[in-house]
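Student: Give me a 3D structure for the following:
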Amino acid sequence: MEKSRLIKQIVASLSQSLGVLEKAARASHAEATHESSKAESKYPADRIELMKRIRPPTMDVSYLFAFDVKREAMRTFALVRLKSPEITTERFTIPKKFNLNEYLKGSFNVFKGADDYEVVIEFDSWAADLIRGRKWHTSQEVMELPGRQVRLRLRLNSIEEAERWALSWGKHAMVIRPQALADRLRETAKVLLARYQS
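Tutor: I've put the predicted structure just below:
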């Protein structure tokens, strides 16, 4: 299976990085004071502080949510892109007010944006049962349409992940709103059409 092979490749490429980061994560959870080791990595070459790592339910990659000292802001790092991570002797305190669920509120998976989009996608009868049977987002509303079709409505702060997700449904999904998302899919469709006509 293609997915199985992809997961094995990801796990193999992450094994060394995850080992180091897992030690830092375990150390941070073991201490009642919420202290943890700082982790350094070449991503791109900045020092980062370990905050949280999750495995989103619709993706096969792990992420590190960390404060980027150089940019002075929280950032999301794909662990597969970390190069040569090392635990340092420096310590930091995880802010008690940091809540990963609150931080990612409005994100489809892990991309955090600053906008506010009402995303509305209609699904044909082939996809409708799959949409009905799953919680895709905390803001989701599913509306039944004629012909066993459904309309999914989400409130997101970014449309990047929604774009890829909508594309993954192929001809079984149609973006109704926002226009910016529909325009992106239209441009992608034009490129694909040209690519497969030649």
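Student: mind checking the SS state of residue 108?
Tutor: coil (DSSP: H, G, I helix; E, B strand; the rest coil).
Student: Got the confidence number for the residue lying closest to it once chain neighbours are set aside?
Tutor: Sequence neighbours aside, residue 161 is the residue nearest to residue 108 in space, at 4.0 Å (criterion: Cβ to Cβ, 6 or more residues apart in numbering). C-betas here are computed from N, CA, C, even on glycine. Each residue has a pLDDT score; the one for residue 161 is 90.
Student: Same question for residue 6.
Tutor: 50.
Student: what's the answer for residue 121, then?
Tutor: In this model, residue 121 carries a pLDDT of 97.
Student: Number the residues from 599 up from this point.
Tutor: Will do, 599 is the new start, and the previous item becomes residue 719.
Student: Isn't it up against residue 766?
Tutor: No. Between residue 719 and residue 766 there is no contact under Cβ atoms under 8 Å: 11.4 Å.
Student: domains of this structure?
Tutor: 600-701, 715-795 (automatic domain parsing).
Student: Which of these has the lowest mean pLDDT?
Tutor: With a mean of 59, domain 600-701 has the lowest mean pLDDT of the domains of the chain.
Student: would you list every one of the helices in the protein?
Tutor: 600-628, 698-701, 723-730, 758-766, 777-795 (DSSP state H).
Student: What residues of the third one count as buried?
Tutor: Taking 16 or more other Cβ atoms under 10 Å as the basis for neighbour counts, the residues of helix 723-730 that come out buried are 725-726, 729.
Student: Including distance to residue 676, could those residues go into TSV?
Tutor: Supplementary listing: these in TSV, determined by distance: Cβ to Cβ, whole Å:
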residue	distance to residue 676
725	28
726	32
729	27
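Student: before we move on, back to that, name the residue in residue 719 and residue 766 with the higher neighbour count.
Tutor: residue 719 (23 against 10; other Cβ atoms under 10 Å).
Student: how near is the residue nearest to residue 706 to residue 704?
Tutor: 11 Å (Cβ to Cβ, to the nearest Å).
Student: now swap in residue 670 and tell me
Tutor: 22 Å.
Student: Which residue of these two possesses the greater neighbour count?
Tutor: residue 704 (20 against 7).
Student: Ramachandran angles for the residue nearest to the more buried one when sequence neighbours are not counted?
Tutor: Using Cβ to Cβ, 6+ apart and skipping the chain neighbours, the partner closest in space to residue 704 is residue 755 (3.6 Å). Residue 755 has phi and psi values of phi -100, psi 0 when expressed as degrees, to the nearest 10.
Student: Residue 713 is in contact with residue 755, correct?
Tutor: Yes. At 5.7 Å, residue 755 counts as touching residue 713 under the criterion of Cβ under 8 Å.
Student: So these two - more neighbours on which side?
Tutor: Set residue 755 next to residue 713 and count neighbours by other Cβ under 10 Å: residue 755 wins out with 16 against 11.
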